[in-house]
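Student: Sequence and predicted structure are below.
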Amino acid sequence: MIEAGTLKQGIFSEKGRDYVEALQDACSFSDSEINLGSINLSLHKIRKYSYLPDLVQATIDEAILNSADFTAHAITDLFISLYKEKLEHLIPREIESNKVEEAIDDIWFQYSSFCTHVLPHSKTESTEVATRYPGHTMAIECVHGVPYGSIPRLIILYVNSIAVKYRTQQVSLGNSIKQFVETLGYTVNYKEGGTNDQVMSQLDKLFHTTFVLSKVLETTTGDKTVKEIAKVRFNLFDGKITWDEFTAGMKSNEAALLKLSDEYFKELLAHPVPLSMEALLKLKKSTLAMDLYAFISYRANSNRLVAAKISQLQHQFGNTDETWRFKQAVQRAYKKVKEVWPECSAILRNDVLLIPKMPPHIEQL
């Protein structure tokens with residue numbers, strides 16, 4: 001009999017690393033065989049359940065013996081099902097009353113400049129687009145066509161989060177396209193043009209995309225003001241790993257590894273913005289809602305009133321519709337944001353989005 005006093009809070013919120021270590025000890029998996037991001041997303045399903053070390057180890061052993069595939073991902077999926085069943089049967093009352101605070105594993109990170117400048121919302125054949133924010137411009141260049149939609153946004157959020165949480169430039173996307181598609185919250189589809197193809201296509205575009213951030217700097221000496229433009233140019237991924245090398249690893253069911261470029265890794269660690277993973281996955285059907293959520297969250301962390309004209313948002317979100325149409329789209333998107341973040345007190349008044357001083361959805365770490 002396990003005493004209630006031995007309970008520890010949430011396996012996902014506090015003990016995800018312990019689980020991975022226990023799995024590695026049992027199976028001798030190498031670091032490259034364990035996709036930490038995928039494991040953490042899976043453990044998110046039981047984040048509110050108590051962590052009982054002895055029961056965890058026994059359940060890992062059972063999952064290893066009964067898993068159809070000897071992979072960390074397959075064993076973890078079976079572990080979750082078994083552990084939930086065992087714990088609910090053992091101490092149902094304790095589970096019902098257990099309240100677990102959200103932890104870092106419930107958080108995804110976005111690079112601050114990607115909260116104010118965004119990828120296109122819909123398909124474009126353009127090889128270069130630009131978005132504008134007062135005093136700032138971001139050019140996005142890709143010979144394969146600029147990435148667009150929710151998929152590349154989620155890919156960026158995923159690799160950012162692994163990089164920030166584990167302070168690593170090398171990110172594993174898993175052992176197969178199936179695993180990575182599921183990690184991003186999509187249903188696997190092997191048909192031509194299906195989800196698998198879409199994810200790989202957008203990843204290909206991101207792999208070959210260059211971002212150029214330009215900022216106007218003003219220097220005043222006496223009564224003279226001089227304006228200069230400072231530029232930061234970077235790719236997300238290190239070009240030393242070619243696209244062919246990466247895809248070969250994924251197709252052979254080995255760990256598909258990507259390395260963030262030195263420039264982007266440095267920028268990301270200097271300017272990470274915490275966002276709710278759960279909120280973003282719920283908003284993934286609306287890229288405008290995802291972008292609006294990220295922008296409001298980023299500005300809420302500034303602890304001051306921010307007022308953004310709708311026409312200004314239109315430029316930074318790269319929208320080319322009539323402004324009145326874009327305003328209507330923002331209103332619809334904001335309703336979706338409120339559904340995942342009810343406490344958000346931003347106001348759409350006339351042609352301005354007002355973000356008052358308010359608690360951010362996720363506090364800056």
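Tutor: Noted; the coordinates are in hand.

Student: List phi and psi for Ile241.
Tutor: For Ile241, the backbone dihedrals are phi -100, psi 110 (criterion: degrees, to the nearest 10).

Student: From Arg153, how far off is it?
Tutor: 22 Å (Cβ to Cβ, to the nearest Å). Any C-beta I mention is one placed from the backbone N, CA and C, and that applies to glycine too.

Student: higher neighbour count, the two?
Tutor: More crowded of Ile241 and Arg153, by other Cβ atoms under 10 Å: Arg153, with 25 against 15.

Student: Please name the residues that touch the more buried one.
Tutor: Arg153 is in contact with Val118, Leu119, Lys284, Thr287, Met290, Asp291, counting by Cβ atoms under 8 Å, 6 or more residues apart in numbering.

Student: ok, the residue nearest the centre of the chain - contacts?
Tutor: With distances taken as Cα atoms, centre = their mean, Leu157 lies nearest the centre of the chain, 2.6 Å away. Listed by Cβ under 8 Å, 6+ apart, the contact set of Leu157 reads Trp108, Phe109, Gln110, Leu275, Leu280.

Student: try 10 Å this time
Tutor: For Leu157, the contacting residues are Trp108, Phe109, Gln110, Tyr111, Phe114, Leu184, Leu275, Met277, Leu280, Leu281, Met290, Ala294, by Cβ atoms under 10 Å, 6 or more residues apart in numbering.

Student: ditto for Glu267
Tutor: Tyr111, Ser112, Ser113, Phe211, Leu213, Val232, Phe234, Leu260, Ser261 are the contacts of Glu267 under Cβ under 10 Å, 6+ apart.

Student: Kindly reformat those residues as a markdown table containing distance to Met200 and neighbour count.
Tutor: Listed next are these as a markdown table, based on distance: Cβ to Cβ, whole Å; neighbours: other Cβ atoms under 10 Å:
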| residue | distance to Met200 | neighbour count |
| --- | --- | --- |
| Tyr111 | 23 | 22 |
| Ser112 | 28 | 17 |
| Ser113 | 26 | 20 |
| Phe211 | 21 | 21 |
| Leu213 | 27 | 16 |
| Val232 | 28 | 15 |
| Phe234 | 23 | 19 |
| Leu260 | 19 | 24 |
| Ser261 | 20 | 17 |
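
Student: Which one of those residues is nearest to Ala72?
Tutor: Leu260 (22.4 Å; Cβ to Cβ).

Student: Okay, that closest one and Ala63: tell me how far apart.
Tutor: Separation of Leu260 from Ala63 (Cβ to Cβ): 32 Å.

Student: again with Glu182
Tutor: 18 Å.

Student: re earlier: would JSON lines of the contacts of Leu157 with distance to Leu36 be doable?
Tutor: Listed next are these as JSON lines, based on distance: Cβ to Cβ, whole Å:
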{"residue": "Trp108", "distance to Leu36": "13"}
{"residue": "Phe109", "distance to Leu36": "14"}
{"residue": "Gln110", "distance to Leu36": "19"}
{"residue": "Tyr111", "distance to Leu36": "20"}
{"residue": "Phe114", "distance to Leu36": "22"}
{"residue": "Leu184", "distance to Leu36": "15"}
{"residue": "Leu275", "distance to Leu36": "18"}
{"residue": "Met277", "distance to Leu36": "14"}
{"residue": "Leu280", "distance to Leu36": "18"}
{"residue": "Leu281", "distance to Leu36": "18"}
{"residue": "Met290", "distance to Leu36": "23"}
{"residue": "Ala294", "distance to Leu36": "23"}
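
Student: need the helix or strand of the protein with the lowest average pLDDT.
Tutor: helix 92-97 (a mean of 36; mean pLDDT, DSSP states H and E).

Student: Skip ahead from that one and say which helix or strand is next.
Tutor: strand 107-111 (DSSP states H and E).
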